[in-house]
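> Could you work out the structure for the sequence below:
(chains A and B)
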Amino acid sequence: MFKGESPFSDYVDATFLTIAGISLLVLIGLLIAMVYFLVRYSRKRNPHPTNIEGNLPLEITWTTIPLILFMGMFYMGWRGYLKEIQIPGDALPVRVTAQMWKWTFEYPNGVKADTLYVPVNAAMKLTMHSLDVNHSLFIPAFRIKEDVIPNRENKMWFRTPRIASYDIACAEFCGLQHSYMYTKVVSLDTLRFEAWYRTASVKQSKPYTPLTAQTAAADSR
Amino acid sequence: MTKSALAAEIAEPDYLHAPTKFKGLFGWIFSTDHKRIAILYLATMMLFFLVAVILGVLMRVELFSSGRTIVDPQTYNQMFTLHGVIMIFLFIIPGMPAVFGNFMLPLMIGAKDVFFPRLNLFSWWLFLAGALTVVVSLFLPGGPSDTGWTFYVPYSIRTTTNVIPALAGAFILGFSSILTGLNFITTIHRMRAPGMSWFKMPLFIWAIYSTAWVQILATPVIGITLLLVTIERLFGIGIFDPAMGGDPVLYQHLFWMYSHPAVYIMILPALGVVSEIIPVFARRTIFGYKFIAYSSIAIASVGSLVWAHHMFTVGMSNTGMFVFSLLTFLVAIPSAIKVFNWIATLYKGSILIDVPLLFVLSMIVQFCIGGFTGLMLGALAVNIHVTDTYFVVAHFHYVMFGGAGFALFAAMHYWFPKMFGRMIRRKPAMIGWLLMTVGFNMFYFTMFILGYLGMPRRYYDSLPEFLPLHRIASVGSWILAAGIFLVVANLFISIRRGAKAPMNPWGGKTLEWTVPSPPPVENFHEIPSVITGPYDYSEYEKPEAGE
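Predicted coordinates:
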């Protein structure tokens, strides 16, 4: 399995593997029972069947045990979801605009980019809307996805754990170039990020104030 | 039965050869005989199925290498839309109830026909009209829809392809489905043979009964949705279109309010078929009859309340997320109960492995895998990662094709002798089954992995790192297709060349096996009286064990 990288990916993978593990055990159990019965009670070996109409305790058992397991799985899924929607107060805001077939990321001072540059380890909060049809912002390595819909502002957040770049895909069918609507999250160390931010601000003639420091100041207040 | 009655029965022509009011093809398309109508559905449905299989194979060829392989992106988008629309609306929704429900329901409850035979014929005509509307939309200027079978707004409003004719087709098909459901419910309530109480009905009938209720209650929603789309277009009232102030998410809610229950229209009769076939080949009574019967009702009712689990990433309220995830886990329980009871039915049976049972065994395993991955999808945190990826595509193909599709083939092989009076040639059927099972799992299990790795669905092209897995899936799809064509060709050949079938080739105990193969027009000379349950195999027990 490819490695996930976000505050949630470990949890998502753990939930997934827990359910997969339980499922695999049950499936193997069922298969063994099935094959054993097929062989042991073949018409040759067992010409005379026994008509067992049912067994209430057994029915209760195999209703209750799955019920308990399923509730556990539900709870794991729910807890993971809560982590994904609790956006930290110090998250850096970025506005995302989706349209056929490109992404635009807008930073607080109005700087726009088609790649999502982020400072490493900083919480990022994306506020997303679409100009035309439904899209969906999907970062497989972070295990997160949220639809981007016209007339709606959906939000998501993440934090990059290390300096690297990650794929962003569009996950909601949006027409001809849907499968090419890829871009990247590029996480830089704070200095490099600020350098990029300053250059972009100058180029696009927007007022530059350090993003990371800004948040630091907001925090200290 | 007296000798003279037996002679009369032998002399009487079966429904395939009985004289009809009209000659030739008209003797079929104007026939109100439930058996002939079933064959009409079967023929139309098989045709569409094979077309959609070919589309699927072509898609897998396209995905075999990066960039353009055989078609351009627009054609590819139209292909997967068409594949979905045909498979869902023209094959798997009408498939089980309309073909096997129609043919077997009256026979299994000891009736001469359904309650409204003419309405039944009308339903087929509606089906044909709806199907033709969809077909016509392919050839109108603009070409076939390219929206995916979900027709999500606003894309479906902006596209220049023929979405409205395709939706109109779905609307008409919906009426066919509602009327069939109505007919079946009435038939089951009013026409059961004397002595056949509710809990002496075969389990396939329970499944058809639950399905029929879903057909009646859920299908109107798709009609209402289409009506709203029309109002929006004609009067410019913003309902779904964000450009007019509408809400595209409302469309998704309405769409899934029908289309999720529709999934149960597809799977419930398939589960019924499994419950029917296992006791016959295990030669013993079904384990936990009442639990299987009630679980059908439970699936139908809870299943109608889980639709928004298709939409966990649209930005729903936390309450919505909580409730729909919880209900999704609850609906898994009755399915689990069925599986456990099926396996338990093999215990202490006297099992003969033949083609129908082989398809059933594959079905059970694949349905389990489909169910387990359904649990993963039901868990919110995992859902957000894998929704709209190949994981979902693999999941529903495991349930819909690995489950419902394989059950349909099981039913086909099981009831074929009754329907056509011939046995299916066994060897090609077994090879076909093996190819289908191997190809199917190679194809779709690979897609689970691709999905978890982050391969989104409905992609014309893929990142280079996904290519090796795509290739494995493609090869699997070709093996699967080869199996399907072998099995279908074998069915066709067996209609003429198969050995003559006896009245009861498998030793079944349900009523359809008490009439000749193929059955006479009126099914039963004398309406049978039912005393025992549907799976009474006590005669095979050890004499001393029989007390």
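> what's residue 30 sitting at in phi/psi?
The chain I'm using is chain A. As for A:L30, its main-chain torsions (degrees, to the nearest 10) stand at phi -60, psi -40.
> and if you look at A:N151?
The phi/psi pair for A:N151 (degrees, to the nearest 10) reads phi 60, psi 20.
> Then A:Q99?
Here is the backbone geometry of A:Q99 (degrees, to the nearest 10): phi -150, psi 160.
> ditto for the one 5 residues further on
Backbone geometry at A:T104, expressed as degrees, to the nearest 10, gives phi -130, psi 130.
> The residue nearest to it when sequence neighbours are not counted: helix or strand, and which one exactly?
Once flanking residues are discounted, A:T104 sits nearest to A:T97: 4.4 Å by CB to CB, 6 or more residues apart in numbering or on different chains. Where C-beta positions appear, they are placed from N, C-alpha and C, glycine not excepted. Assessed by DSSP states H and E, A:T97 sits inside strand A:92-99.
> Check which residues of that strand are buried.
By neighbour count with 16 or more other CB atoms under 10 Å in any protein chain shown, strand A:92-99 contains the buried residues A:92-99.
> Now for A:L191, how many residues are close by?
10 (other CB atoms under 10 Å in any protein chain shown).
> Rounded mean pLDDT for whichever strand or helix holds it, please.
Per DSSP H and E: A:L191 is located in helix A:190-203. For helix A:190-203, mean pLDDT is 93.
> counting contacts, what elements does it pack onto?
In this structure, helix A:190-203 packs against strand A:116-119, helix A:211-220, with contacts taken as 3 or more CB pairs under 8 Å, 6 or more residues apart in numbering or on different chains; DSSP states H and E.
> looking at these, which one has the lowest mean pLDDT?
Among these, helix A:211-220 carries the lowest mean pLDDT (a mean of 57).
> Roughly how far does the residue lying closest to B:L330 once chain neighbours are set aside sit from B:W213?
Nearest residue to B:L330, sequence neighbours excluded (CB to CB, 6+ apart): B:V302, at 5.7 Å. According to CB to CB, to the nearest Å, B:V302 stands 13 Å off from B:W213.
> Could you list the low-pLDDT ranges of chain A?
Low-confidence segments of chain A (pLDDT under 70): A:1-4, A:213-221.
> Could you list the domains of it?
A:9-85, A:92-220 (automatic domain parsing).
> Which strand residues bridge A:V96?
A:V96 has the following beta-bridge partners by DSSP bridges: A:F105, A:M128.
> For chain A, which residue occupies the most central location?
Nearest to the mean C-alpha position of chain A, by CA atoms, centre = their mean, lies A:I144 at 1.8 Å.
> Kindly provide the distance from that one to chain B.
To chain B, A:I144 is 6 Å away according to CB to the nearest CB, to the nearest Å.
> and that residue, backbone torsions?
Taking degrees, to the nearest 10, you get phi -130, psi 160 for the backbone angles of A:I144.
> ok so, going back, determine which stretch of the domains of chain A is the most buried.
The highest mean neighbour count among these, using mean count of other CB atoms under 10 Å in any protein chain shown, belongs to domain A:92-220: a mean of 19.
> so how far is that one from its chain's centroid?
Distance of domain A:92-220 from the chain centroid (CA atoms, centre = their mean, to the nearest Å) equals 15 Å.
> same question, stretch B:185-192
From the chain centre to the centre of stretch B:185-192 is a distance of 22 Å (CA atoms, centre = their mean).
> and it, which residues are buried?
B:185, B:187-188, B:191-192.
> Farthest pair within the residues you listed?
B:I185 and B:R192 (12.3 Å; CB to CB).
> Distance-wise, check B:T20 relative to B:L40.
For B:T20, the distance to B:L40 - CB to CB - is 13 Å.
> So the residue nearest to A:T104 sits against A:L131, correct?
Yes. A:T97 lies in contact with A:L131 (CB atoms under 8 Å); the separation is 6.2 Å.
> what's the overlap in contacts for those two?
The overlap between the contact sets of A:T97 and A:L131 (CB atoms under 8 Å, 6 or more residues apart in numbering or on different chains) is empty.
> got a list of what B:M104 touches?
B:204, B:415, B:512.
> Looking at the residues you listed, which is nearest B:F287?
Using CB to CB, those come closest to B:F287 at B:F204, 16.2 Å.
> Okay, and that closest one sits in which element?
Going by DSSP H and E, B:F204 is in helix B:203-235.
> so does that helix get close to chain A?
No. Judged by CB under 8 Å from any CB of the partner chain, helix B:203-235 and chain A are separated, with a smallest distance of 13.0 Å.
> just the angle between the helix or strand that that helix is followed by and helix B:203-235, please?
The helix or strand immediately downstream of helix B:203-235 is helix B:248-282, counting by DSSP H and E. Angle, helix B:248-282 to helix B:203-235, by axes from the mean of the first three to the mean of the last three CA atoms, to 10 degrees: 160 degrees.
> ok, and for helix B:248-282, which residues are buried?
Buried residues in helix B:248-282 (16+ other CB under 10 Å): B:248-249, B:251-282.
> which strands and helices sit next to it?
Packing contacts for helix B:248-282, counted by 3+ CB pairs under 8 Å, 6+ apart, involve helix B:93-94, helix B:203-235, helix B:289-303, helix B:318-346, helix B:355-378, helix B:406-420.
> buried sites along the second one?
So that's helix B:203-235. Neighbour-count burial for helix B:203-235 flags B:203-219, B:221-223, B:225-226, B:228-229, B:232 (criterion: 16+ other CB under 10 Å).
> Who are the packing partners of it?
helix B:102-108, helix B:163-190, helix B:248-282, helix B:289-303.
> Report the mean per-residue pLDDT for that helix.
Mean predicted confidence for helix B:203-235 is 88.
> The third one too?
In this model, helix B:289-303 has a mean pLDDT of 92.
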